[in-house]
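Student: got a predicted structure plus its sequence, pasted below:
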Amino acid sequence: MATYTEHDWLQTALGEYLRAEEQALFDHAVADLFGFNALQLGMPEVDLLRNCRVPFHIGADRRRTATVACNTVQLPFAANSIDVLLLPHILEFSANPHDTLREVERVLLPEGHLVLSGFNPLSLWGVRRLSDRDGEYPWSARFISLLRVKDWLALLGFEVVAGRMACYAPPFSNASWLQRSLFMDGAGDRWWPMLGGVYFLVAKKRVTGMRLIRPQWNSTRVARALMPKPTQRTETQKHGQ
């Protein structure tokens, strides 16, 4: 059996299936998120921010080939500097996933959004992992349950605002078998909603006791401010008349 790195595995039939499913989820989630800075941490092979309207996009990963190479528990970004942060399958491969989430909370602005995906251990993908721990991506990861991730987010002050499952088809390496199983994606949300191979969450950073103050725009005052002030010549002409 071939041993794949993350990059190589994402080029296989199963990897392409995962990429397509998650690309659609991230595209939909980031379309309505706003701010100035968006960070994608991990999976540099896929542009998960392509549908995000935030003007500045940053890509970071633990690999040296990434635009920004960094450790997930020591992010090289200032506190309260990121509006949107994506974590595609980072927690499973972090030696300290809770510390990674602490760093995420540190760099996110209040009311900023975290969008993450993870492998569901209570699925056919989780069963495959139990029988295929040979150092190959992604089965070498430590799959973390959805409930545990939600608990960690709650402890750090995040509010989960959206979530769903995806990748209901069995994780067949054979492209033909995988193709025949794709019908399960259409029925998964209805018949076995918690058994998808991947979970997907959108969470918002809340700060207790803090209220965002937004400007109170007055149309009359704005119009006056935008109107040019009369020049001295105009005033003289007016008095001369």
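Tutor: Yep, that arrived.

Student: which parts of the chain are strands?
Tutor: 37-41, 56-61, 68-69, 82-88, 108-119, 158-166, 198-205 (DSSP state E).

Student: so which of the ones you listed gets nearest residue 18?
Tutor: For the strands of the chain, the distance to residue 18 is smallest for strand 198-205, at 7.0 Å, taking Cβ to Cβ. From N, CA and C alone the C-beta is placed, and that goes for glycine too.

Student: what lies in contact with stretch 185-202?
Tutor: 18, 21-22, 25, 29, 113-120, 122-126, 146, 149-150, 153, 160-169, 171 (Cβ atoms under 8 Å, 6 or more residues apart in numbering).

Student: how about it: buried residues?
Tutor: By neighbour count on 16 or more other Cβ atoms under 10 Å, the buried set for stretch 185-202 is 188, 195, 196, 197, 198, 199, 200, 201, 202.

Student: excluding its backbone neighbours, what's nearest residue 203?
Tutor: Counting by Cβ to Cβ, 6 or more residues apart in numbering, residue 158 is the residue found nearest to residue 203 once chain neighbours are left out, at 4.1 Å.

Student: is the one you found bridged to anything, and to what?
Tutor: Counting by DSSP bridges, residue 158 forms beta bridges with residue 205.

Student: how close does it get to residue 85?
Tutor: As for residue 158, its distance to residue 85 is 11 Å (criterion: Cβ to Cβ, to the nearest Å).

Student: on that earlier part again, dump the buried residues of stretch 185-202 into CSV; add pLDDT as well.
Tutor: As requested, the buried residues of stretch 185-202 are exported to CSV (pLDDT from 0 to 100):
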residue, pLDDT
188, 85
195, 93
196, 96
197, 97
198, 97
199, 97
200, 97
201, 97
202, 98
